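>>> I'll drop the sequence and a predicted model, then ask my questions.
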Amino acid sequence: MTVLMDSEKPDRRSSGRPAWEEEPSAAGKAAKALVLTLVVLAVLGPLYTIVLTSLSSQATITEAGGLVLIPDGITFDAYRQILDGGVVTRAVAVSVGVTAVGTLLSVVVSVLCAYGLSRPGTFAHTPILFILLITMFFGAGMIPTYLLVSGLGLINSYWALILPGAVSVFNIIILRGFFMGIDQGILDSARIDGASEWRILGQIVLPMSKAVTAVIALFYGVGYWNAFFNAVLYINDSSKNPLQVVLRSYVLQGVSVPGQIDIGQGVAASLALQMAVIVIAMVPILFVYPFVQKHFTKGVMIGAVKG
């Protein structure tokens, strides 16, 4: 019986690479392509239907029996009707303002807090960090929070849409982990040259932290844009409602938006308007995300690994 020596045994990995780095087979590539295609269709299919329905006329929607899959003429009547200075237009302005101010405030506070906690020897470093971590696991609850907001006189104020959720401890931890990973020698050299902590933060730390800061800003921005629960709790004046409250009331609860729908137009026209509101709610995030996407993976992974 012939015994093959180790050197004579056939090498299943002729390239010498580990199994997880081997070139995938044709069947594997086809399976991956099929799965990715199905995922893309599952994501783009509903978006296509929503956008097409919002651009369809009443006759087309009636003929389709609801959501439109095959276009038969394009009309922007729904968007013109919605953006003609009515409830939705005002809600969009409120959401844009709250998102812009809230994101700026949240990023500034988070960066300052994370930088202070990342520097050894800062005042009450450990107790403050411990208190922040506790808030990640234990919350006061809805009623105490409402009493606090009411006691501060924020009921029916735009600040009630910003301040209760202005700071995320999770985002602070990510920023802190990234700041702690910056070479201490660079910061010490700046201090020797006479730079203050404010100058070090503004001219050294932040330029080196563009990726993680952009991701944190995206997290805060998406959170503010999609938030509606604070408005439901704290806002009594309907003119101060953000877009998500209008979207929730109009699309999910079937409430008619005053000044936007003529009852004589029927269900089909209402459906087009509903889909148009959904599109308007999606557009800002879809517009901003591509500019931040290149920093997304890098910012999250660096902050998480070094944290």
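Ah, there it is. Numbers count the residues shown, from 1 in each chain.
>>> how much distance is there from stretch 157-170 to the middle of the chain?
15 Å (Cα atoms, centre = their mean, to the nearest Å).
>>> Three-state assignment for Val94, please.
helix (DSSP: H, G, I helix; E, B strand; the rest coil).
>>> neighbours of the closest residue to it other than its chain neighbours, just the number please.
Spatial nearest neighbour of Val94, excluding adjacent residues (Cβ to Cβ, 6 or more residues apart in numbering): Pro242 at 4.9 Å. Placement of C-beta: from N, CA and C, glycine included. By the criterion of other Cβ atoms under 10 Å, Pro242 has 28 neighbours.
>>> residue contacts, Pro242?
By Cβ atoms under 8 Å, 6 or more residues apart in numbering, the residues touching Pro242 are Ala91, Val94, Ser95, Val98, Leu161, Ala227, Phe228, Ala231.
>>> now, the most widely separated pair of these?
Across the contacts of Pro242, no pair lies farther apart than Ala91 and Ala227, at 12.8 Å, counting by Cβ to Cβ.
>>> Looking at those two, which one has more neighbours?
Using other Cβ under 10 Å as the criterion, Ala91 and Ala227 rank with Ala91 on top: 27 against 21.
>>> Would you mind measuring from that one to Ala160?
Plainly put, Ala91 is 16 Å away from Ala160 if you go by Cβ to Cβ, to the nearest Å.
>>> quick one: low-confidence ranges for this protein?
Scanning the chain for pLDDT under 70 picks out 1-21, 85, 251-269, 293-307.
>>> hmm, 50 instead?
1, 4, 6, 8-13, 257-268, 303-307 (pLDDT under 50).
>>> The spatially most central residue of it sits in which helix or strand?
For the chain, Val222 is the residue whose C-alpha lies nearest the centre (Cα atoms, centre = their mean; 3.1 Å). Secondary structure assignment for Val222, by DSSP states H and E: helix 210-226.
>>> Using PDB, write out every CA atom in that helix.
Taking C-alpha atoms only, helix 210-226 is exported to PDB below (Å, rounded to 0.1, in the frame of the first residue of the first chain):
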ATOM      1  CA  LYS A 210     -14.300  64.300  11.500                       C
ATOM      2  CA  ALA A 211     -15.500  60.700  10.800                       C
ATOM      3  CA  VAL A 212     -16.800  59.900  14.300                       C
ATOM      4  CA  THR A 213     -18.300  63.400  14.700                       C
ATOM      5  CA  ALA A 214     -20.100  63.200  11.400                       C
ATOM      6  CA  VAL A 215     -21.600  59.800  12.400                       C
ATOM      7  CA  ILE A 216     -22.700  61.200  15.800                       C
ATOM      8  CA  ALA A 217     -24.300  64.200  14.000                       C
ATOM      9  CA  LEU A 218     -26.100  61.800  11.700                       C
ATOM     10  CA  PHE A 219     -27.400  59.800  14.700                       C
ATOM     11  CA  TYR A 220     -28.700  62.900  16.400                       C
ATOM     12  CA  GLY A 221     -30.200  64.400  13.100                       C
ATOM     13  CA  VAL A 222     -32.100  61.200  12.300                       C
ATOM     14  CA  GLY A 223     -33.400  61.000  15.800                       C
ATOM     15  CA  TYR A 224     -34.700  64.600  15.800                       C
ATOM     16  CA  TRP A 225     -36.200  64.300  12.400                       C
ATOM     17  CA  ASN A 226     -38.100  61.000  13.200                       C
END
